[in-house]
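Undergrad: predicted model and sequence below, questions to follow.
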Amino acid sequence: MFGFRSPKEQDIVIQLALKQIEKMLKEMDGEGKDLRKLKLKRFQKTHHVNCRCDQCQTAKAKEDPRLRGLQEAGFKVYVEGD
């Protein structure tokens with residue numbers, strides 16, 4: 001799933017992610033946001049369009065932005081209507 005070798009490593013990562021999600025939701029609830037309209041959106045952030053690294057040069061030459069190096073992957077949480 002995450003490229004780990006053992007299910008134990010996967011479980012550790014999943015548990016850490018769940019703790020972070022729970023903490024974030026408690027903070028949002030404390031701010032008075034209505035969590036019934038909660039939305040999660042996945043995202044992947046790649047190198048900037050103006051990046052000049054070899055990987056980005058190859059992506060530009062092949063005209064395929066998916067070849068840019070992945071910097072960050074995760075999710076954004078927002079409450080609909082905010």
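TA: Perfect, thanks for sending it. Numbering: from 1, shown residues only.

Undergrad: dump the lowest-mean-pLDDT helix or strand in the chain to CSV, keeping only the CA atoms.
TA: Here the helix or strand of the chain ranked lowest by mean pLDDT, DSSP states H and E is strand 70-79, holding a mean of 72. Once non-C-alpha atoms are left out, strand 70-79 reads as follows in CSV (Å, rounded to 0.1, in the frame of the first residue of the first chain):
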residue,chain,number,x,y,z
LEU,A,70,6.3,14.4,-6.3
GLN,A,71,7.0,16.7,-3.4
GLU,A,72,4.0,16.0,-1.2
ALA,A,73,0.9,13.8,-1.2
GLY,A,74,-2.0,14.1,1.3
PHE,A,75,-5.5,15.4,1.7
LYS,A,76,-7.2,18.6,2.5
VAL,A,77,-10.1,18.9,4.9
TYR,A,78,-12.7,21.6,4.5
VAL,A,79,-16.2,22.2,5.5
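
Undergrad: any residues touching it, and which ones?
TA: The contact list for strand 70-79 (C-beta atoms under 8 Å, 6 or more residues apart in numbering) reads 21, 24-25, 28, 33-35, 37-47. Yep, even glycine has a C-beta here, placed from its N, CA and C like the rest.

Undergrad: over to stretch 38-51?
TA: 25, 53, 55-56, 65, 68-80.

Undergrad: bridging across strands, which residues link to the residue nearest the centre of the chain?
TA: Taking C-alpha atoms, centre = their mean as the criterion, G74 is the residue nearest the geometric centre of the chain, at 1.0 Å. Beta-bridge partners for G74, by DSSP bridges, are F43.
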